[in-house]
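Undergrad: Take a look and give me a structure for this.
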Amino acid sequence: MSNIIKLVQLDKALLKPYYKYFLVMIFATVPMMFGFKAIIPSIVFAMSMIAMTSNYTFSVAEKNDLNRLYGLLPVSKKDIVAGRYFFTAIIGFVAIAIMVVLNLIVLTIAKVTITNEEVLLGIGSGIIVYFLFTAIQLPGLFKFGSLKGRLFSFVPFIGIFSASASLNSIRISDTSPSFSLEILNSPYALLIFAVLTGVVLYGISLGISQKIYDKMEL
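TA: I've put the predicted structure just below:
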């Protein structure tokens, strides 16, 4: 575990010059927040965009030929892959926290009433979207690298607008007791479901990436 934490710190240092781009991307979604005027589609849209940045670490590592460095470090290939996944997950949770705060500010300015349940639904939806998209992208990036695997970085575009449009109509106050998706009437259940789904998705994706990376020479 200590090796994974060290690798996370290494990835953090590598991406330090890119932090401003993350912030620009996050704040660029503010106009969309005013357009949606609902926290769920706003967070889904933003997390889809943030998921596209998962190739940044791979790009920096390739530009600096860090595979040689990894080969010299007393860490296993499994640690390297796990560290990259752990770092990607951290970025996702930090982004969701920032998006929730921004949405609350924007919706307050727009004089839109929002409930705690809607906030929880927004968080849960954001977690599912981010972890789903990055779980799909990471194996491709490990296999093909940041350049050839760039196609995988555009996976989020497939669901950005369709997911945002469908979730735009979901509000807790509008759901009836007979609502077919019972889980949407229980924000805490959705939040737990989202976290568990994220863990399962990353578990499967991590296993695939480790098999891919094990066959590669450092």
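
Undergrad: how much space is there between the spatially closest residue to Gly92 that is not a sequence neighbour and Ala51?
TA: Excluding the flanking residues, the one nearest Gly92 by CB to CB, 6 or more residues apart in numbering is Tyr130, at 4.4 Å. Just so you know, the C-beta spots here come from the backbone N, C-alpha and C atoms, and that holds for glycine as well. Using CB to CB, to the nearest Å, Tyr130 is found at 5 Å from Ala51.

Undergrad: Tell me which of those two has more neighbours.
TA: Neighbours per residue (other CB atoms under 10 Å) separate Tyr130 from Ala51, with Tyr130 holding more: 30 against 27.

Undergrad: OK, contacts around that one?
TA: By CB atoms under 8 Å, 6 or more residues apart in numbering, Tyr130 lies in contact with Met47, Ser48, Ile50, Ala51, Gly92, Ala95, Ile96, Gly198.

Undergrad: following the helix or strand of the chain with the lowest mean pLDDT, which helix or strand shows up next?
TA: Across the helices and strands of the chain, mean pLDDT, DSSP states H and E gives its lowest value to helix 155-167, namely a mean of 57. Downstream of helix 155-167, the next assigned helix or strand under DSSP states H and E is helix 187-214.

Undergrad: Just the buried positions in that next one, please.
TA: 187, 190-191, 194, 197-198, 201-202, 205-206, 208-210, 212-213 (16 or more other CB atoms under 10 Å).

Undergrad: could you point out where the protein is predicted with low confidence?
TA: 149-150, 152-185, 218 (pLDDT under 70).

Undergrad: quick one: which of the contacts of Tyr130 is most hemmed in?
TA: That'd be Met47 among those, by other CB under 10 Å, with 29 neighbours.

Undergrad: could you say which helix or strand contains that one?
TA: helix 39-51.

Undergrad: Can you classify the closest residue to Ile204 other than its chain neighbours by secondary structure?
TA: Leaving aside its chain neighbours, Ile204 sits nearest to Ala135 (7.1 Å; criterion: CB to CB, 6+ apart). Three-state call for Ala135 (DSSP: H, G, I helix; E, B strand; the rest coil): helix.

Undergrad: Tell me which residues touch Ala135, please.
TA: So Ala135 contacts Leu201, Tyr202, Ile204, Ser205 (CB under 8 Å, 6+ apart).

Undergrad: thinking again about what came up before, overlap in contacts, Tyr130 and Ala51.
TA: Gly92.

Undergrad: Quick check, central residue of this structure?
TA: In the chain, the residue lying closest to the centroid (CA atoms, centre = their mean) is Tyr130, at 3.1 Å.

Undergrad: Give me the distance between Lys16 and Ile26.
TA: Taken as CB to CB, the span from Lys16 to Ile26 is 17 Å.

Undergrad: who has more neighbours, these two?
TA: Ile26 (17 against 10).
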